[in-house]
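[1] this one's sequence-less:
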């Protein structure tokens, strides 16, 4: 398990999970969890297990509340944003990110997780049983890889990359040393 590169401004996805809607996990208040991934290195060592338990509990509740395929929603909880996507492919994905993580990129991540999960585990469209993580061996590594890839939204999302390049171009264009000589010599009004 390799660590994710530090994203700019502390933007991070800390936890994500995939659930089977319409199921009930025994002893849990919500659907069966099919896969999970976490990147909790930004939290203190003794906080990590508690934080993960809280993320699992709330993600299960949010997945249970997601009713319509194609539905996307976001909820602010204890300084984090939870994003929920009910995929038309028959699974619900939930992630917890910090407040600064772009919502559009978070939903792109959840969509990619759902798509890759269904491709890796085609039997997930049918009966998955009632135990949590029945297909974890088939998708755990890929799920963690996606979580690491999406830690830096600027690298994971093409539109964000284009906007960053455009901003760099503007900065270079507007820098005094790049303006024509006559523009530099004339006082600005």
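    Happy to help now that I have it. Quantities reported herein were computed from a predicted structural model and do not represent experimental measurements.

[2] Pretty sure residue 98 sits against residue 80.
    Yes. Under the criterion of C-beta atoms under 8 Å, residue 98 makes contact with residue 80 at 6.2 Å. (Glycine included, C-beta is placed from N, CA and C.)

[3] And the average pLDDT for stretch 73-87 is what?
    For stretch 73-87, mean pLDDT is 91.

[4] From one end of that stretch to the other, what's the distance?
    12 Å (C-alpha to C-alpha, to the nearest Å).

[5] Give me the contact list for it.
    14, 21, 54, 58-59, 62-63, 65-72, 92-99, 101, 103, 106-107, 110-111, 114-115, 118 (C-beta atoms under 8 Å, 6 or more residues apart in numbering).

[6] For the protein, which residues score under the pLDDT cut-off?
    Across the chain, the ranges flagged by pLDDT under 70 are 1-10, 125-127, 159-161, 163-164, 170, 172-189.

[7] what about the helices in it?
    48-65, 103-120, 136-149, 153-156, 158-174, 181-185 (DSSP state H).

[8] re earlier: quick check: neighbours shared by residue 98 and residue 80?
    Counting by C-beta under 8 Å, 6+ apart, the residues touching both residue 98 and residue 80 are residue 14.

[9] more neighbours, those two?
    Between residue 98 and residue 80, counting by other C-beta atoms under 10 Å, residue 80 is the more crowded of the two (21 against 16).

[10] if we can go back for a sec, pipe the helices of the chain into TSV and attach mean neighbour count and distance to residue 86 per row.
    Formatted as TSV, the helices of the chain follow (neighbours: other C-beta atoms under 10 Å; distance: least, C-beta to C-beta, whole Å):
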stretch	mean neighbour count	distance to residue 86
helix 48-65	18	8
helix 103-120	19	9
helix 136-149	17	18
helix 153-156	19	22
helix 158-174	11	23
helix 181-185	9	54
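
[11] right, so of these, which gets closest to residue 39?
    With C-beta to C-beta, the closest approach to residue 39 among those belongs to helix 136-149: 5.5 Å.

[12] what angle sits between that closest one and helix 103-120?
    Counting by axes from the mean of the first three to the mean of the last three C-alpha atoms, to 10 degrees, helix 136-149 lies at 150 degrees to helix 103-120.

[13] And for helix 136-149, what's in contact with it?
    1-4, 13, 16, 18, 34-39, 109, 112-113, 116-117, 120-121, 155-156.

[14] if we can go back for a sec, export the helices of the chain to CSV and tack on distance to residue 30?
    Converted to CSV, the helices of the chain look like this (distance: least, C-beta to C-beta, whole Å):
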stretch, distance to residue 30
helix 48-65, 3
helix 103-120, 17
helix 136-149, 17
helix 153-156, 28
helix 158-174, 32
helix 181-185, 62
